Structures are given as structure tokens and as C-alpha cells.
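> pasting the sequence and the predicted coordinates here, then a few questions.
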Amino acid sequence: MEKNIADLRKNYERDALDEEASAADPLRQFEHWLQQALDAQLPEPNAMTLATVGEGGRPSTRVVLIKGFDARGIVWYTNYESRKGRELAANPQAALQFHWVELERVVRIEGRVEKVEPELSDAYFASRPLDSRIGAWASPQSQVISSRAVLVANAAKVGLQHAMSPPRPPHWGGYRLKPDTWEFWQGRKSRLHDRLRYRLEDGAWVRERLAP
């Protein structure tokens with residue numbers, strides 16, 4: 001490796017985050033930052049890391065895409081029989097993280113996870129492109145397969161069986177994380193970053209500053 005990764009440095013000087021300029025409700029703060037990420041036309045501003053906990057307390061992460069949010073929580077869709085699905089069934093606690101590198105911002109969210117209403121999953125599945133709907137049937141997500149040919153053959157079978165109208169698979173749908181903790185991180189000069197945490201206490205959000 002020509003460049004020593006230990007020598008990589010970046011100065012954070014784009015913006016600041018203080019209590020007066022932040023929203024009292026973390027959902028409003030998130031909405032504001034997400035809109036700024038969209039307006040900046042960042043690559044995949046809707047991408048978020050999902051962390052779950054499996055057997056023996058072993059954590060695992062993967063990137064998923066946010067597909068909705070409101071006062072009830074953050075929504076994404078996936079295969080319920082995947083590794084993350086199995087881990088959430090055993091331990092319905094999870095964490096999400098958005099990293100908008102170009103804006104020097106991170107949002108961390110923690111809370112309990114539940115499946116969304118079936119009709120919501122049905123509506124979103126119906127809105128997906130045909131190849132994505134076929135893929136939801138064709139891929140036994142997280143399972144060992146012998147080759148890519150298995151996926152291609154499965155997709156062909158689904159196409160023949162359901163043509164242009166594959167229904168939502170029973171093993172596929174949405175999850176909603178109901179936040180009890182939010183953290184907004186803004187990079188600052190000299191590594192003295194701004195960190196504002198919101199935690200739910202007796203039904204109200206408490207905002208507090210954390211040391212970087």
C-alpha cells in the first residue's frame with residue numbers, strides 16, 4: 001500500500017451545530033438534515049447502516065435504504081428470513097446510522113423494531129419495479145447457494161408463474177424502528193465535533209450535548 005492509512009487526515013469546517021440552531025424535536029432536525037442531503041444531490045442520501053445483535057451478543061451491520069419516516073419511526077423493507085430478519089425476531093432492538101460524508105454529518109438512531117402493517121408492505125411492494133419484485137421471490141437472502149445460476153433460474157420461474165404481477169412474498173416486508181435515542185454529529189475543527197443527543201424521558205425529548 002503506497003499511502004499509510006494512519007496518515008490520512010481531514011479537517012471538518014463546513015458547518016456547526018448548536019442548541020439554539022437545532023430543533024427541539026429530533027424528527028424535525030432529521031427531516032431538515034435529510035432534506036439538505038437531498039438538495040445537495042449526495043450519492044444515495046437515503047442509505048443507512050443497520051446494526052442488529054445475533055446469538056451470543058454478536059453484532060452485525062449492513063446498509064439498507066430508508067423508505068419512509070414519521071412520528072412513529074424509520075421504515076425500510078427487506079426479507080424477513082434474512083440474517084437481519086432472524087436477528088430482529090430474536091432481539092427487536094437495533095441501531096441506524098446515516099453518514100453524509102460531503103456534509104460532514106452523521107445521524108445515529110436507536111430503538112425498538114417492529115414489522116410495519118401488512119397493507120403498508122403491500123403498497124410499497126406494488127410500487128417497486130418488476131425486476132425488484134421478482135428478485136424478492138428469487139433470492140433466499142443470506143442463505144448459501146451454489147452459484148449465481150440459482151438466482152437466475154429462480155427469477156425465470158417467478159417470471160413464468162406470475163408474469164407482470166408477482167404478489168408480495170409472505171417472507172418480505174417492512175420494519176419500523178421506533179426511536180428512543182437520536183444523535184446528531186457535525187464535524188468541527190480540531191476534532192472538537194458537535195454532538196447533540198436526544199433521549200426519550202417520560203414521553204418527552206431531552207436534548208443534551210456530548211463531548212466529542
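Sure thing, it's come through. Numbers count the residues shown, from 1 in each chain.
> ok, now how distant is the one residue sitting closest to the centre of the chain from Lys3?
The residue lying closest to the centre of the chain (C-alpha atoms, centre = their mean) is Met48, at 3.6 Å. Distance, Met48 to Lys3, using C-beta to C-beta, to the nearest Å: 29 Å. The way it works is simple: take the backbone N, C-alpha and C, and place the C-beta from them, glycine included.
> equivalent analysis for Val101, please.
Relative to Lys3, and taking C-beta to C-beta, Val101 is found at 18 Å.
> neighbour count winner among those two?
Legend: neighbour count by other C-beta atoms under 10 Å for Val101 and Lys3, higher for Val101 (11 against 7).
> dump the residue contacts of that one.
Residues near Val101 by C-beta atoms under 8 Å, 6 or more residues apart in numbering: Leu42.
> and for the residue nearest to Arg191 when sequence neighbours are not counted, the neighbour number?
Spatial nearest neighbour of Arg191, excluding adjacent residues (C-beta to C-beta, 6 or more residues apart in numbering): Pro212 at 6.3 Å. Residues lying near Pro212 (other C-beta under 10 Å) number 13.
> quick check: Pro212 touching Lys189?
No: look at Pro212 against Lys189 with C-beta atoms under 8 Å: they stay out of range, at 11.2 Å.
> show me what the helix-or-strand element of the chain with minimal mean pLDDT is packed up against.
For the chain, counting by mean pLDDT, DSSP states H and E, helix 148-162 ranks last in confidence among helices and strands (a mean of 92). On a contact count with 3 or more C-beta pairs under 8 Å, 6 or more residues apart in numbering; DSSP states H and E, helix 148-162 meets helix 130-138.
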